[in-house]
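Engineer: predicted model and sequence follow; I will ask about them next.
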Amino acid sequence: MATAIHEPPITTERPTGGNGSPPAFPPHEESLRSVGDRSPEPARTGIWIALAAIAMSFAAFISALIVRQGSPANDWQHIAIPGVLYFNTAILILSSLTLEVARRQTASFIRAQGATRNQALAWLVATLGLGLFFVAGQYVAWLQLRSEGLYLATNPNSSFFYLLTAVHAIHVLGGLGGLARVIRRLAPATPILRKSTMDATSYYWHFMGILWIYLLFILVLKL
Amino acid sequence: MGRIFAITVVIIAIASAIPIVLHTWAPPEDISTHGHAIDDQMKDTMYEAGLSFLAAQLLLGLFIWQNAGRGKQDKLKTFPGGAKGLVIAALVLVGSEILALGVLGQKAWASVYFAGPDKDAMTIQAQAGQFAFYFRYPGADGKFGGMHPDKIDEGNQNFFGLDPENDVDSRDDIVAGELAVPVNRQINLTLHSKDVGHSFYVRELRLQQDFVPGLDLAVHFTATKPGRYEIVCTQLCGLGHYNMKAYLSVLSQEDFDKWLKERAQ
Amino acid sequence: MSQEAAHHGPPTSFLRKYIFSVDHKVIGKQYYGLALAAVFTGMILSWVMRFHLVWPNAAIPGLQWLSKVGAPGGVMTPEYYLSLLTMHGTLMVFFVLTNAPFAAFGNYFLPIQIGAEDMAFPRFNMMSFWVTFAAFVVLMSAFFVPDGPPISGWTAYAPLSAVGSDAGPGLGMGQNLWAISIALFCIASLLGALNFIATTLDLRAKGMTLMRMPISTWAWFITSCIALLAFAVLLPACLLLILDRIAGTSFFVPGGLMISDRLQPHSGGSPLLWQHLFWFFGHPEVYIAILPAMGIVSHILINSMRKPLLSHKVVIGSMLSIGFLSYMVWGHHMFLSGMNPFSALVFSFPTLIITIPATILTLIWLGSLYGSRLQINSASLFALGFISMFVSGGVSGFFLAQPSIDIYLHATYFVVGHFHLVMGVAAIFGIFAGTYFWFPKMSGHMMNETLGKIHFWFTFVGAYCIFMPFHYLGLAGNVRRYSSFVDDYLQPLLPVHKFITIAAFCTGAAQLVFLFNLIYSRFKGAAAPDNPWNATSLEWTIPSPPPWNNFGDKHPVVYHDPYQYGVEGAKEDFTMQDSPERVPVKS
């Protein structure tokens, strides 16, 4: 394989499609991607792709809700949203804030700009704790519904309540797994955490927060 | 071998077209008032699709014949007009086909689905269940009795779950295993499913419509020729799907009145 | 700068090398092997089905061992026919047509064609295969539960699929296994799509701009974008179906259903909701099946013609439009479903429009053949055969796209002929072409050309003999998914069915030639050089088979597009994509 690019003699330079016919491709000189070019780290691209798929699946659930609400059977029965959900929402928003601090501290630590590893770790652990608190709080909400006699199949409203909150909670648990992984990589004496991993995990977590606010909106408005 | 392939492609293309041109296997005679629009649509589409099919396969055969085995000493040539010409050709050809067929064709669809039944259409109810069709006529009072799924009792021929004891309207309802209709009279056929999805298909009527559990659907048609035609289920409904059928009897007005009177007793 | 995503060194243990490998090449071959198992199972099922259609009362030797209940004494029951039909469709659409052209060849060749060492997320990649494998095992286990596989078809319409065994055999445990299998398949496909997209965007070698990627790579990239969003909708649908079946919810099942003398406990659900969710996935799925084949065929044809296609940009633009439009047409499966008739026209329009990029592609393929130096071998024969099959399958779509004509043709063999020609033949031809083309690279051995040509001829002629008559049957109104033909009007059509069945057996037998060729050549085939086809893209710059990290220690640098064939003044009639040779235009 060539290690040097041979400079061709100076002529009108356009590759042909054979037989002098018009070129089938755009001009060559537009770019040899330069040495300094850096691709985005796959973790960052990957997380946006994953979030697109997750958003699509929730769109499917919401459209199922809208269709089901319009059923000719007219069996949509309003259920009161347990108040603990609002508390859980605050917890989740708070966890996004602590995660943002953790992310910036980690970046600062990696770039040796002043933050210590323990500071970043503390904020991360706080986020993890708040996240666990959120999931526990969702479970409390389910217990409250059950005490009112509303189970998964009781009526379509309760079905969607459990469905949407459970699927979201499963994704939050996945996010907690990601946070644990970040903590594990940051914790040793020589940390092996990449900034892109931290960033990707944060985007995912923030998305879970935004998604939850949207779901809460739907639950309150529609159920 | 390239040339043999080229010939094969052409032979297969022409052989495929022969049964179409000869109408060897074709839709049966149309006995409905709206079906001619569908048949015309089909004929136009067959011309356009058929010609496109033949042209494409012939071109494929021709170009393989001409170019298979050309070697390094043969000059490479570009198709006249290049990609741009072909894109324009595709846009023009397909675009005009779409306009012609799509836009004109919506009239055929509209005639079946956009207009409701006439005011003097005869309403008959069709029920599909695993694995038979039953039909209900409203009887002398012109009203259908209510259906109660919990009262369905096939052993006692109560297919529709009627409650004649408590429901006056259902007392004179006539239930039959075949769909008899008078010729040249518009029929408003309401479709009710007892269990899962089914579908109503009569080829000669150019009519097909799914039965959807939980939905009140209806189609309307007018049969123009007396005879006995098969109604078959076309939506997979279980193990008896292949055997789920009934007959459409198109009768003269006299014969129909007689038919109805016999069953009213 | 190539990413250090593949931090792993070469694997050493047997388990790591061949079973739980993170190497995209091994994973690609694993997917291919799984697809082979699925396609031969699916093909045998189709033989058994075709046999039963023509000789419904005859005993099929051995069938009673697969199911005593479904085929007592070897004579197939109507419900077992539907079970086999469901499994045939599910295996073919998911485990063959999504696995082989996309997951198998894509996994193997996408990284190489863009100059990368491996996929962006090799461990996700391994997970993706093994979850697919688990899905396959779960699906196949439906054969061995007492009631057998579900009878609701690969489309599993509710309420038939949602109410349980009251509605028929196989709809209990069999349907549960089906739903779980498909849900697993969705997860695996989502992981796979994620990998393909991230790899294409982030791991391209120096000089490899998006427009310099081979057409096959573009096809895999576009397919993975479609797959990402489509499977993300099927997974919720399967979850809702499972809940309706085991948790008593009513997403898809309305009230008042009397099945097997039992009033079903559901109420308020919508069968149309299942159809919308399923087909929102289902239609993009069929483009997931065909787009990689289009990319592979284009890639191979260019090499066989010794000249590039008339316009790289137009081809890619057409594939992009097809991908985009594929999301707007799902309702054309539901014209007669009871949805608002106005929406039928709304869906019909984009369905007809999608004909335009498909026609552009076809005309570009044909136009590029003109003036080429076409070389005939097994790979190019299947690539050319693809064009013929795609045209044939495509024109019947033109009928079905119009709601008024669909009134007559819906649920007849016309539809079955249409989708078999485009999926069951054209896409499969893409797989065959890819196999004959890339087998030397993947295994280091050449396949036997004579056997390849025999395979081609029997398959090409045989497939037309099987599937062209389906259209005639459809025009006569022959309804599909019937386990026997008892209606009066079907009796005169039985000889056509006999012809089809015999053609199916002959064509199927020819596939055994292919299987033999694959296995024999793998061990006894002539040694393959690095570049047996004098091709230009990056996979031909590395040894056959490639080393564990593809390009050794040298990261490739790319100087131009991948299809420099027939450049006047060049040393040969082809220039490799990583060659810095540049040819000035004669003034």
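Structural biologist: That came through fine. Numbering: from 1, shown residues only, chains lettered A, B, ... in the order given.

Engineer: quick one: low-confidence parts of the chain?
Structural biologist: Using chain A here. A:1-39 (pLDDT under 70).

Engineer: my question was about chain C
Structural biologist: In chain C, residues with pLDDT under 70: C:1-8, C:582-587.

Engineer: contact residues of chain B facing chain A?
Structural biologist: Neighbours of chain A within chain B, by CB under 8 Å from any CB of the partner chain: B:75, B:76, B:77, B:78, B:82, B:214, B:215. In short, each C-beta sits where N, CA and C put it, glycine included.

Engineer: which residues in the stretch 201-350 of chain C form helices?
Structural biologist: C:215-246, C:271-305, C:312-325, C:341-353 (DSSP state H, counting those that start in this stretch).

Engineer: save those as JSON lines, and put in distance to residue A:155 too.
Structural biologist: Putting the helices of the stretch 201-350 of chain C into JSON lines (distance: least, CB to CB, whole Å) gives the following:
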{"stretch": "helix C:215-246", "distance to residue A:155": "14"}
{"stretch": "helix C:271-305", "distance to residue A:155": "17"}
{"stretch": "helix C:312-325", "distance to residue A:155": "39"}
{"stretch": "helix C:341-353", "distance to residue A:155": "29"}
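
Engineer: nearest to chain A, of these?
Structural biologist: Of all the helices of the stretch 201-350 of chain C, helix C:215-246 sits nearest to chain A, with 3.9 Å by CB to the nearest CB.

Engineer: count the neighbours of residue B:47 for me.
Structural biologist: A count of nearby residues for residue B:47, using other CB atoms under 10 Å in any protein chain shown, gives 10.

Engineer: just checking, what packs against the helix or strand containing it?
Structural biologist: Applying DSSP states H and E as the criterion places residue B:47 in helix B:35-67. Judged by 3 or more CB pairs under 8 Å, 6 or more residues apart in numbering or on different chains; DSSP states H and E, the packing partners of helix B:35-67 are helix B:2-21, helix B:104-113, helix C:355-369, helix C:378-400, helix C:403-409.

Engineer: in JSON lines: these, plus mean neighbour count.
Structural biologist: Output for the helices and strands packed on helix B:35-67, formatted as JSON lines (neighbours: other CB atoms under 10 Å in any protein chain shown):
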{"stretch": "helix B:2-21", "mean neighbour count": "17"}
{"stretch": "helix B:104-113", "mean neighbour count": "20"}
{"stretch": "helix C:355-369", "mean neighbour count": "24"}
{"stretch": "helix C:378-400", "mean neighbour count": "26"}
{"stretch": "helix C:403-409", "mean neighbour count": "26"}
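
Engineer: any chance of these in JSON lines, plus distance to residue B:53?
Structural biologist: Shown next, in JSON lines, are these (distance: least, CB to CB, whole Å):
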{"stretch": "helix B:2-21", "distance to residue B:53": "7"}
{"stretch": "helix B:104-113", "distance to residue B:53": "19"}
{"stretch": "helix C:355-369", "distance to residue B:53": "11"}
{"stretch": "helix C:378-400", "distance to residue B:53": "5"}
{"stretch": "helix C:403-409", "distance to residue B:53": "16"}
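
Engineer: strands of chain B, residue ranges please.
Structural biologist: Assigned by DSSP state E, chain B shows strands spanning B:122-129, B:132-137, B:174-176, B:179-182, B:186-193, B:198-202, B:207-211, B:217-222, B:227-232, B:245-251.

Engineer: for residue C:223, find the nearest of those strands.
Structural biologist: strand B:207-211 (31.5 Å; CB to CB).

Engineer: what's the average pLDDT for that closest one?
Structural biologist: For strand B:207-211, the mean pLDDT works out to 97.

Engineer: in it, what counts as buried?
Structural biologist: Buried residues in strand B:207-211, counted by 16 or more other CB atoms under 10 Å in any protein chain shown: B:207, B:208, B:209, B:210, B:211.

Engineer: now the fourth one: how far from residue C:376?
Structural biologist: Note on residue B:210: its distance to residue C:376, by CB to CB, to the nearest Å, is 48 Å.

Engineer: and for the first one?
Structural biologist: The span separating residue B:207 from residue C:376 equals 50 Å under the rule CB to CB.

Engineer: same deal with the second one?
Structural biologist: In this structure, residue B:208 and residue C:376 are 45 Å apart, going by CB to CB.

Engineer: that older thread, tell me the buried residues in the helix holding residue B:47?
Structural biologist: Result for helix B:35-67 [16+ other CB under 10 Å]: buried residues B:35, B:37-39, B:41-42, B:44-46, B:48-49, B:52-54, B:56-57, B:59-67.

Engineer: so how far is that helix off the chain centroid?
Structural biologist: Relative to its parent chain, helix B:35-67 has a centroid offset of 23 Å by CA atoms, centre = their mean, to the nearest Å.

Engineer: angle of it against helix C:355-369?
Structural biologist: Interaxial angle of helix B:35-67 relative to helix C:355-369 (axes from the mean of the first three to the mean of the last three CA atoms, to 10 degrees): 20 degrees.

Engineer: tell me what angle helix B:35-67 forms with helix B:2-21.
Structural biologist: Calculated by the same axes, to 10 degrees, helix B:35-67 forms an angle of 170 degrees with helix B:2-21.
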